[in-house]
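Visitor: missing the sequence, but the structure's below:
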């Protein structure tokens, strides 16, 4: 099983992997798409490979093992805006006819089938992270006390959690253009960056306006997994001249732990609003400027949107319920009748059993050809891995440094 970002994927992947190992009796290896692009296809001979999303690693594995292996797209990002529908649309016969796909509910299943994925290749599993959320919610008080002690935060104050979808705000022109293609026009790609950056700056101004009430609140800012705390702090300084003293920019621990430990959740358009709904936490959408049509999600209408600083400050004072009904828009996203971890493990185990008679063969020539076709990313991955293992983490981009997971941590997680 492969993951990309530690923050929201590691605990879920380990939960599924434990089920595969201890309940289904399978051998499981966990790797990273950021650090193991070269090493993963060589360290193990798999029967099933589960990817976090559509990734170039699929072509490397396929060139190495061909049809001897089952390829599964976990689709960890299943929330669909127009931008995402264009960017994540299944493309090519390999993805639509060979790759198996996990869908959390009927909405994403419909999206896959309408875009050419064979129905036999789509498995509704429920949403695994919902299982993790519900478990974490049972120890919310303990989490809050522990986090409060570690980060010197007053547990008697109201904790406001801000998980931000902010990656595009920090993209260079090069990274923005990497999205441009047949489905995404240049105007849309650059427009998304401009929108996210300008609204993020305004949200920072709203947060700074809480200074006078800072004796009764704690603000926890959570950057996107690929954005560093320093980048958020620098943007605060550029926007309002300082990082307000009641603001904590924190990437330690998981976003789910902070959500469960907090009182209110505020986000621009992160699916963590849906996580808040799952555990009964008030969550608000911050909309200083109207969302562009291509960034609108179906589930937005289930939450209260805050368009002005005054509305934001009022919500902090009252802590009122953020939901406006339309819960069916959320329920369409997930199949709540299934335990996402149990069901995903069962699907993967069944796929492994279906290929039990096949003995995969590794093609070293295929691996070399696929790697050399686009060597920049595999070599960059190998360089990051070497830097982290040799204690040279400063050579790795800060936004993804925390996504490195040592082998011994994975081994402990599999036995936990």
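Guide: That came through fine. All values reported here derive from a predicted model rather than from experimental measurement.

Visitor: now the host helix or strand of residue 353: buried residues?
Guide: Residue 353 is located in helix 340-354, with elements delineated by DSSP states H and E. By neighbour count, with 16 or more other CB atoms under 10 Å as the criterion, the buried positions of helix 340-354 are 340-349, 351-352. Quick note: C-beta positions are derived from backbone N, CA and C, even for glycine.

Visitor: then stretch 241-253?
Guide: By neighbour count with 16+ other CB under 10 Å, stretch 241-253 contains the buried residues 243-244, 246-251, 253.

Visitor: and if you look at stretch 310-318?
Guide: For stretch 310-318, a neighbour-count test (16+ other CB under 10 Å) marks 312-313, 315-316 as buried.

Visitor: go through those residues and say which is closest to residue 35.
Guide: The shortest approach to residue 35 among the buried residues of stretch 310-318 belongs to residue 312, at 38.7 Å (CB to CB).

Visitor: so what's that closest one up against?
Guide: 206, 266, 284, 286, 306 (CB atoms under 8 Å, 6 or more residues apart in numbering).

Visitor: circling back: filter the buried residues of stretch 241-253 down to just the ones in helices.
Guide: Under the assignment DSSP state H, the buried residues of stretch 241-253 contribute nothing to helices.

Visitor: pull the most distant pair out of the residues you listed.
Guide: Using CB to CB, the two most remote members of those are 244 and 253, lying 21.4 Å apart.

Visitor: if we can go back for a sec, just the contacts of residue 312: which are in helices?
Guide: When DSSP H defines the helices, the subset of the contacts of residue 312 inside them is residue 206.

Visitor: between the contacts of residue 312, identify the one with the most neighbours.
Guide: In terms of neighbours by other CB atoms under 10 Å, the contacts of residue 312 top out with residue 266 at 28 neighbours.

Visitor: I figured it hits residue 159, correct?
Guide: No: counting by CB atoms under 8 Å, residue 266 does not reach residue 159; the two are 11.3 Å apart.

Visitor: mind putting the buried residues of stretch 241-253 in JSON lines, distance to residue 173 and pLDDT included?
Guide: Below are the buried residues of stretch 241-253 laid out as JSON lines (distance: CB to CB, whole Å; pLDDT from 0 to 100):
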{"residue": "243", "distance to residue 173": "27", "pLDDT": "91"}
{"residue": "244", "distance to residue 173": "31", "pLDDT": "90"}
{"residue": "246", "distance to residue 173": "35", "pLDDT": "89"}
{"residue": "247", "distance to residue 173": "29", "pLDDT": "93"}
{"residue": "248", "distance to residue 173": "31", "pLDDT": "95"}
{"residue": "249", "distance to residue 173": "25", "pLDDT": "94"}
{"residue": "250", "distance to residue 173": "30", "pLDDT": "94"}
{"residue": "251", "distance to residue 173": "26", "pLDDT": "91"}
{"residue": "253", "distance to residue 173": "33", "pLDDT": "90"}
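
Visitor: looking at those, which is nearest residue 67?
Guide: Nearest to residue 67 among the buried residues of stretch 241-253, counting by CB to CB, is residue 251 at 40.4 Å.

Visitor: just give the nearest non-adjacent residue to the closest one, would you?
Guide: Excluding the flanking residues, the one nearest residue 251 by CB to CB, 6 or more residues apart in numbering is residue 229, at 5.2 Å.
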